[in-house]
Each structure stands twice: as C-alpha cells, then as structure tokens.
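Novice: next input, structure requested:
(2 chains)
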Amino acid sequence: AAGVIQSPRHLIKEKRETATLKCYPIPRHDTVYWYQQGPGQDPQFLISFYEKMQSDKGSIPDRFSAQQFSDYHSELNMSSLELGDSALYFCASSLDPTSGGRYEQYFGPGTRLTVT
Amino acid sequence: GDSVTQMEGPVTLSEEAFLTINCTYTATGYPSLFWYVQYPGEGLQLLLKATKADDKGSNKGFEATYRKETTSFHLEKGSVQVSDSAVYFCALTSMDSNYQLIWGAGTKLIIKP
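Specialist: Okay, here's the model as predicted:
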C-alpha cells in the first residue's frame, strides 16, 4: 500500500540558511500534519492542513511556514536556520479527522535535518 | 488540556517475557487512543488503535484495551521477541485537541536474547 513520502530524507544546512521539506500524503488523504522530533523526545506538533487550509498551529517558530497545495502535498519552509532546528521532521496524513476522530494519522519516514 | 502519561523507560526484558507498558490519559471529551512504535533510526508506525470505550486494538501480538473507567490504554504482549525492541508511544486525538496527536513521552523497550 502507498505510504506517506517525504523528501529529502537527509538534509545538511548551515546556520542562517533556508530549507524546504516536502510531504506527499497517502492518496485520498486530505489532511497533513507536521511534527518535529528532537533526540530522545516525543514528536512536537508544528502545523496541520485540511483541504489546503491551515487547520491548526502548534509550536511552529515564526521563521517556519508551510502550505498545502492543490494536489494535497505539503511543504515546510524553514528560514534563518538555527542549530536548535536540528531534528527529525515528520509528516503525517489522514482522512478528515473531524469525522468523529476515527481516522488515524500515518507517518512518513521523516527528514533528518542537521544544521551546522 | 488533554494529556498522556506513560511509564518511564527503559524497560528491559528477556525474550519470551510478558510485556506491559502502562498508559493513562486525561481528556475532557471522548478521545481516540493509539500506540505508535518507532524502531531505531526509523519513522513512527501505527501499531494499534481504539476509538471508543471497551474497544480492544490488536496487531502483531500486541493488545491494548480502551478503559474509560480507569482512563487507561495499557499495551500488552504475551511473549516478546528481540525484534520488538523499539520506542513505544501512547497518544490520543480528540475534538478538544483539534485532532492533533497528544503524545506520551515514549517508553524504550529493550529485549535481551
């Protein structure tokens, strides 16, 4: 079965550079979530989109922005990168979660971002 | 707000031992409950879920029952294998959390041969 695709899988950037992470949800999934996971930590919710509109916002820095496109893929744009941004970034997708919350989130393999 | 508490790790067991990882939650509504597993160097995989009270989720020999009276969703497996070594996360979603996943801190499981 098709899974969530993330690219790139690994990314090395220097401080103050920009990075763009991409996420391709499972076909027919209309909701995308972005999470950040530091070493040994649980994932921290950043932002989510439903039907191309931002649906919720978590602990996403102002330096980051994201959007969902007409084909439902999403991009997370990160500017003025800091050393503390080094982490695993996961994208997850689901069907409409407002349908009683029955629809689970499926995660991609993640993008490991290293800021030097 | 909603929250999830799970037992601290690491949990170290011998192969074929019985596993329990405790998970309790606080939620004002009627959450859906999940266990995710993260193998070393890999992403998060949905292990099992339960969407209403008394539901039992099961997968790959793991089970968890949604207990509303004790607000718990403990993960169990009758006989663990070395390949079960991973970090296990308990999580919930609810209308109150706007359906974002609320995570427990994760429990690292180490199975020794």
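Novice: quick check: bridge partners of residue B:59?
Specialist: Beta-bridge pairing of residue B:59 under DSSP bridges involves residue B:62.
Novice: gap between it and residue A:15?
Specialist: Applying Cβ to Cβ, to the nearest Å, the value for residue B:59 to residue A:15 is 42 Å. (Glycine included, C-beta is placed from N, CA and C.)
Novice: please name the nearest non-neighbouring residue to residue A:19.
Specialist: Of all residues not flanking residue A:19 in the chain, residue A:78 sits nearest, at 4.6 Å (Cβ to Cβ, 6 or more residues apart in numbering or on different chains).
Novice: find the nearest non-adjacent residue to the spatially most central residue of chain A, please.
Specialist: For chain A, residue A:34 is the residue whose C-alpha lies nearest the centre (Cα atoms, centre = their mean; 2.8 Å). Distance criterion Cβ to Cβ, 6+ apart; nearest residue to residue A:34, sequence neighbours excluded, is residue A:46 at 4.2 Å.
Novice: burial of the residue in chain B positioned nearest to chain A, as a residue count?
Specialist: Closest contact between chain B and chain A, by Cβ to the nearest Cβ, is at residue B:99 (3.5 Å). Neighbour count of residue B:99, defined by other Cβ atoms under 10 Å in any protein chain shown: 24.
Novice: check residue A:77 too.
Specialist: Other residues near residue A:77 come to 13 when the count uses other Cβ under 10 Å.
Novice: now do residue A:92
Specialist: By other Cβ under 10 Å, 28 other residues sit near residue A:92.
Novice: do the same with residue B:59
Specialist: Considering only other Cβ under 10 Å, residue B:59 is surrounded by 14 other residues.
Novice: so it sits right up against residue B:47, yeah?
Specialist: Yes - between residue B:59 and residue B:47 there is a contact at 5.6 Å, judged by Cβ atoms under 8 Å.
Novice: hmm, which helix or strand of chain A has the shakiest average pLDDT?
Specialist: Sorting the helices and strands of chain A by mean pLDDT, DSSP states H and E puts strand A:53-57 at the bottom, at a mean of 90.
Novice: gap between residue A:13 and residue A:3?
Specialist: As judged by Cβ to Cβ, residue A:13 and residue A:3 stand 26 Å apart.
Novice: no no, residue B:112
Specialist: Here the criterion is Cβ to Cβ. By it, residue B:112 lies 31 Å from residue A:3.
Novice: and the two? Which one has more around it.
Specialist: The residue with more neighbours, out of residue B:112 and residue A:3, is residue A:3; 15 against 10, by other Cβ under 10 Å.
Novice: quick check: pLDDT value at the residue nearest to residue A:34.
Specialist: pLDDT, residue A:46: 95.
Novice: residues near it, how many?
Specialist: A count of nearby residues for residue A:46, using other Cβ under 10 Å, gives 22.
Novice: phi, psi of it?
Specialist: phi -100, psi -60 (degrees, to the nearest 10).
Novice: next: residue B:48.
Specialist: phi -160, psi 170.
Novice: okay, and the beta partners of it?
Specialist: Beta bridges link residue B:48 to residue B:35, judged by DSSP bridges.
Novice: wait, isn't it in contact with residue B:61?
Specialist: No - look at residue B:48 against residue B:61 with Cβ under 8 Å: they stay out of range, at 10.5 Å.
Novice: ok, the two, which is more surrounded?
Specialist: Neighbours were counted for residue B:48 and for residue B:61 using other Cβ under 10 Å; residue B:48 has more, 21 against 13.
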